[in-house]
Each structure stands twice: as structure tokens, then as C-alpha cells.
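Q: Prediction below, plus the sequence it came from.
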Amino acid sequence: MEILKTSRLVLRNFRSDDAGDLFDYLRDPKVSCFLSLKLENMDEAKAEAEKRSTSDEYVAVCLKETDRLVGDLFAIAEEDTYSVGWNFNPDFGGSGLASEAVHALFAYLFQVKGARRLYAYVEDDNLPSQRLCERMHMRREGLFVEFVSFRNGDDGLPIYENTMQYAILRKEWEALPFASER
């Protein structure tokens, strides 16, 4: 992936030395959709960082001044459509870094990669991600009731979660006053 820079961030491919920072937020995922990515120890974190370093689908979000990994994005191509998502270290929550990173990713996907449409799945209890989708002017397209399970209950049965789909088209993005900023 092309390195992207914002006022406070660098978006780049993962490197193996991102393992420690990745472990900081994946050892105890706060959102259930990331439970399958939970890392138990540094060996697992090193393996995950190495795996991500071989793919342009994963984007490391780092502070520009220190190169510290504060979160990650993904963008999975499906012809001219991309499935997008994000996971950030909660220690950096509320600072606008997620909005800054996602804006840069969206601009890149629309302007450089020629995306026609971006969409994201968000569980109905993940209010921060819902608000981020709305800040990016994504529209809520639907609610999938009991769509997916990431964990089992005490009885061993799957706990199904309601999931919303948000999306934005390139023409909608380009009509926004801030769309050309990258």
C-alpha cells in the first residue's frame, strides 16, 4: 500500500516490529467482532504482525511523531467495492485519530484505487463505530437481525448479534466539502 500521511498520522503496511503495540489492544478486544483476533501472548502478536505485513488489505495506523501503532484499518476489494473496517487502541479514544485515519483511507480508496462503493458492518452495540460511519457520511443501509455470532453463552450456544451495514458511494463522497482533502 502507498504510505498515506495526515496531520498526525502515517498509514502504512504493517511491520513485524508492530507486534507490541498490536498486542496492547488485541489482548483484550473491546468489541465482540474482534474476539477472534484476540492475542494471548507476544508470540501470537509477532505472528499476527508478520501475517499482516504481507498484505495490503491491512493498514497500520501510526502516530506521525513516534511511529507508534495506535490502530488498524482494513480494506478488502470486491471488484469496485471495498469492505472497510477499523480497530483502535482504546487508550487513544476520543482524540479524533480514528476519524482522521478513516477519512484518509476513504479518500485513497475513492481517488487512487477508483472505488465505486465502500461498506462497513457494525454491531448494534458498537456506538463509537456507528458514530464514525456517520461522521464519514455513510448511510445506514440495513439491520441484519441475529446476523453473526462471535462468542457462546454460558450454555455453550452461540450469542447472535444484530449488525448494521453502512455504505457510501464515490459520487456521495465527492459531493462532500472535505472529500478532496487527503
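A: Looks like it arrived, so ask away.
Q: Tell me how far the helix or strand harbouring Q130 lies from the chain's centre.
A: Applying DSSP states H and E as the criterion places Q130 in helix 127-135. Helix 127-135 sits 12 Å away from the centroid of its parent chain (CA atoms, centre = their mean, to the nearest Å).
Q: Tell me the helices and strands packed up against it.
A: The contact analysis (3 or more CB pairs under 8 Å, 6 or more residues apart in numbering; DSSP states H and E) places helix 127-135 against helix 97-111, strand 117-123, strand 158-169. (Glycine included, C-beta is placed from N, CA and C.)
Q: now those as a markdown table including mean neighbour count, mean pLDDT and distance to E57?
A: Below are the helices and strands packed on helix 127-135 laid out as a markdown table (neighbours: other CB atoms under 10 Å; pLDDT from 0 to 100; distance: least, CB to CB, whole Å):
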| stretch | mean neighbour count | mean pLDDT | distance to E57 |
| --- | --- | --- | --- |
| helix 97-111 | 21 | 97 | 12 |
| strand 117-123 | 20 | 96 | 14 |
| strand 158-169 | 17 | 94 | 18 |
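Q: what lines up beside the next helix or strand after the helix holding Q130 in the sheet?
A: Scanning forward in sequence from helix 127-135, with DSSP H and E defining helices and strands, the next element found is strand 139-152. Paired neighbours of strand 139-152 in the sheet (DSSP bridges): strand 158-169 (antiparallel).
Q: Extract the C-alpha trace of the partner strand and format it as CSV.
A: C-alpha atoms of strand 158-169 as CSV (Å, rounded to 0.1, in the frame of the first residue of the first chain):
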residue,chain,number,x,y,z
PRO,A,158,-24.0,-19.0,20.1
ILE,A,159,-24.9,-15.5,21.0
TYR,A,160,-26.1,-13.8,17.8
GLU,A,161,-25.6,-10.1,17.3
ASN,A,162,-27.6,-7.6,15.3
THR,A,163,-25.4,-6.0,12.6
MET,A,164,-25.8,-2.8,10.7
GLN,A,165,-24.5,-2.1,7.2
TYR,A,166,-23.3,1.4,6.4
ALA,A,167,-22.1,2.4,2.9
ILE,A,168,-21.1,5.4,0.8
LEU,A,169,-20.8,5.8,-2.9
